[in-house]
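Peer 1: Build me a model from this:
(2 chains)
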Amino acid sequence: MQTGLLEARLHKAANAGHHQPSTMTDNKKPVLRFAPSPTGYLHIGGARTALFNWLYAKHTGGTFSLRIEDTDRERSTPEAVDAILEGMEWMGLDWDGQTVYQFARAGRHRAVAEQLLSEGKAYKCFATADDLTAMREEQKAAGKPMRYDGRWRDRDPGEGGDKPYVVRLKARQTGETVVHDVVLGDVTFQNDQLDDMVLLRSDGTPTYMLAVVVDDHDMGVTHVIRGADHLNNAARQLQIIEQMSWPVPVYAHVPLIHGPDGAKLSKRHGALAIEAYRDMGYLPETMRNYLLRLGWSHGDDETIPTAQAIEWFNLESIGKSPARMDFKKLDNLNGHYIRESSDHALTAEVVALLERQAPPRVLSAPARQRLTAAMPGLKERAKTILELAAAAEFLFSDGARALDAAAEKVLTPDARALLAQVLPALEAAAWDGPALEAAVRSFADGNGMKLGQVAQPLRAALTGKASSPPLFEMMAVLGRDESLVRLRAYAA
RNA sequence: GCGCCCUUCGUCUAUCGGUUAGGACUCAAGAUUUUCAUUCUUGCAAGAGGGGUUCGACUCCCCUAGGGCGCGCCA
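Peer 2: A predicted model of the protein is given here:
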């Protein structure tokens, strides 16, 4: 069942002749991680990457940990860390062990860099930022590839004196580096295109490139599932791994998610942060299912609850091409999961959503009771929790309703007169759905009218809208007194 | 500019050389219905273009085009 590991074994065998370090041993449980940098919020792409890692860990019985890549001290913020943590929790993606903060491990990263330096596998580069900018501009102007030219690679570090320096990896300049990717297949990079990357900055802090490799190794990470934007980095990271003679993890680079227009997912689509989806009223279960299917498939199956996803998930079925967001499909799926949810769970969702709004809105106990009681009818009609809350508005307060445009159209003078005529029948009826319906039906029959002709005015007066959950159920939910107050308000 | 990746209905995808190219969403029509919705039925709609390989290509190879990613003392 652990086909991902089988892949790794195959790659290892196919690679026996190369100078590729050994792959992770395959008799261990897989170790997965999600490693976001806290420079922004958890966006939809990151959420999907986290989901895939989580699912694979659950599927294989492996472990899944969260590592915050906060080595960029300038841009990392505690707010972003919180947003990521909250996003993960909301998505229902729990992780094993303590959250790892990468910056706390800087000493270890530095030690690895020092080791590389002492073994002659890395060197000091005294070029200044200005030197490098000038270099790149020249390269660009000359139409040459923009890469560090290795100007300090073979120089005597003594020439730098006591000037600040960075430590760069002495990368192999000939041959090729092959990334064996479970999703994309073997991707070959010519080494002369990979420059000597910076390992340690001039202030002595480690770069991301060094830190990931060291942390993944120290954490025993066996499978690296991440966005395809890291594919190029994999080749560079492989070079560090190789110099350290560490085992190579199985790589799975997942294609990125694009916006509905095919371009990069941007804030303009209003849908970058995962919490935006929460606030738009999408359920976590919906997001897990939607994000899973966006780039991963299992035959013709579309509706895949998380438990099923855990059973089925594999790396091989991840698609190779970038996918676009489709909000219509998201809505459809959300409608499905709303209908599947219990009345109490949905009530809690609505309550939470309203309380998160600005200004927060707190529902009274009676309002909540009505909401739960009306939920069977309400949930059939909503695509999002936001819609559900709006449709339930008429339950939240007492008294005559203000009419919306459509309801106003329904309540013509004739309709109002009709209302006055039905009232006695209603007042005489037992106050439950079936009895009320029977009363109105016989009234309609007796007057040669269709049920709908009588029901619409009643609905408009009762809810203030021209459409609502089943009328008689709503009358039962509101109760006799409250219902009659609303109906009398428009009876003429 | 250089490197790498991607390309089946509008969108997400199935297909692992031989299918009337299937499913889902959207959209349209119909049925059910007290409104709206749900549900059900039916329909519209695809292999980027050009070369090969092969008895036979959506499927394998090459080229072109389009899109994306990367090229920091960011991650």
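Peer 1: Show me which residues of the stretch 351-492 of chain A sit near RNA strand B.
Peer 2: Neighbours of RNA strand B within the stretch 351-492 of chain A, by Cβ under 7 Å from any atom of the strand: A:380-381, A:437, A:450-452, A:455-456, A:459, A:466-473. Where you see a C-beta, it was placed from the backbone N, CA and C, and this is true even at glycine.
Peer 1: pretty sure A:G120 is touching A:K170, no?
Peer 2: Yes: taking contacts as Cβ atoms under 8 Å, A:G120 lies within contact range of A:K170: 7.1 Å.
Peer 1: what about those two, which has more around it?
Peer 2: Neighbour tally, A:G120 and A:K170, criterion other Cβ atoms under 10 Å: the higher count belongs to A:K170, 18 against 8.
Peer 1: quick one, what contacts that one?
Peer 2: For A:K170, the contact set (Cβ atoms under 8 Å, 6 or more residues apart in numbering) comprises A:G120, A:K121, A:A122, A:Y123, A:R153, A:D196.
Peer 1: same deal with A:P284?
Peer 2: A:W90, A:M91, A:G92, A:R278.
Peer 1: wait, which of these is closest to RNA strand B?
Peer 2: RNA strand B lies nearest to A:M91 out of the contacts of A:P284, by Cβ to the nearest atom of the strand, at 18.4 Å.
Peer 1: For the closest one, give me phi and psi.
Peer 2: Phi and psi for A:M91, reported as degrees, to the nearest 10, are phi -70, psi -10.
Peer 1: That one against A:T49, yeah?
Peer 2: No: taking contacts as Cβ under 8 Å, A:M91 lies outside contact range of A:T49: 11.4 Å.
Peer 1: Which of the two has more residues huddled nearby?
Peer 2: Counting neighbours by other Cβ under 10 Å for A:M91 and for A:T49 shows that A:T49 has the greater number, 26 against 22.
Peer 1: Pick out the residue of the stretch 51-200 of chain A closest to RNA strand B.
Peer 2: A:E69 (2.9 Å).
Peer 1: Now for that residue, how many residues are close by?
Peer 2: A:E69: 19 neighbours (other Cβ under 10 Å).
Peer 1: now do A:V178
Peer 2: Burial measure for A:V178: 17 neighbouring residues, criterion other Cβ under 10 Å.
Peer 1: What of A:L231?
Peer 2: 19.
Peer 1: Contacts only, for it.
Peer 2: Contacts of A:L231 (Cβ under 8 Å, 6+ apart): A:V179, A:D181, A:L184, A:V187, A:H253.
Peer 1: ok, which of the residues you listed also contact RNA strand B?
Peer 2: A:L184, A:V187.
Peer 1: residues in contact with the residue of the stretch 251-400 of chain A found nearest RNA strand B?
Peer 2: When distances are taken as Cβ to the nearest atom of the strand, the stretch 251-400 of chain A reaches nearest to RNA strand B at A:S321, 2.9 Å away. Listed by Cβ under 8 Å, 6+ apart, the contact partners of A:S321 are A:P255.
Peer 1: Dihedrals phi and psi, it?
Peer 2: Note on A:S321: its backbone torsions stand at phi -100, psi 150 [degrees, to the nearest 10].
Peer 1: Then A:Y251?
Peer 2: Main-chain torsions, A:Y251, degrees, to the nearest 10: phi -100, psi 140.
Peer 1: Look at A:D343 and say how many residues are nearby.
Peer 2: The tally of other residues near A:D343 (other Cβ under 10 Å) stands at 15.
Peer 1: residues touching it, list them.
Peer 2: With contact taken as Cβ under 8 Å, 6+ apart, A:D343 is in contact with A:T372, A:M375, A:P376, A:K379.
Peer 1: which among those end up buried?
Peer 2: Buried subset of those (neighbour count, 16 or more other Cβ atoms under 10 Å): A:T372, A:M375, A:K379.
Peer 1: Just the closest of these to A:N53, please.
Peer 2: Closest to A:N53 out of these is A:K379 (32.1 Å), distances taken as Cβ to Cβ.
Peer 1: A:K28: neighbouring residues, count only.
Peer 2: As a burial measure, A:K28 scores 11 neighbours (other Cβ under 10 Å).
Peer 1: Next: the one 4 residues further on.
Peer 2: Here the count is done by other Cβ under 10 Å, and A:L32 has 27 residues near it.
Peer 1: Please apply the same query to A:G479.
Peer 2: By other Cβ under 10 Å, the residues close to A:G479 number 13.
Peer 1: now check stretch A:72-92, is it near RNA strand B?
Peer 2: Yes: against RNA strand B, stretch A:72-92 shows contacts by Cβ under 7 Å from any atom of the strand at A:D72, A:R75.
Peer 1: Mind checking the pLDDT average for that stretch?
Peer 2: Computed over stretch A:72-92, the mean pLDDT rounds to 93.
Peer 1: repeat for stretch A:450-460
Peer 2: Here the average pLDDT along stretch A:450-460 is 95.
Peer 1: buried residues in it?
Peer 2: A:V454, A:A455, A:Q456, A:P457, A:L458, A:R459, A:A460.
Peer 1: repeat for stretch A:78-92
Peer 2: The neighbour-count check on stretch A:78-92 (16+ other Cβ under 10 Å) flags A:A80, A:V81, A:A83, A:I84, A:L85, A:G87, A:M88, A:W90, A:M91 as buried.
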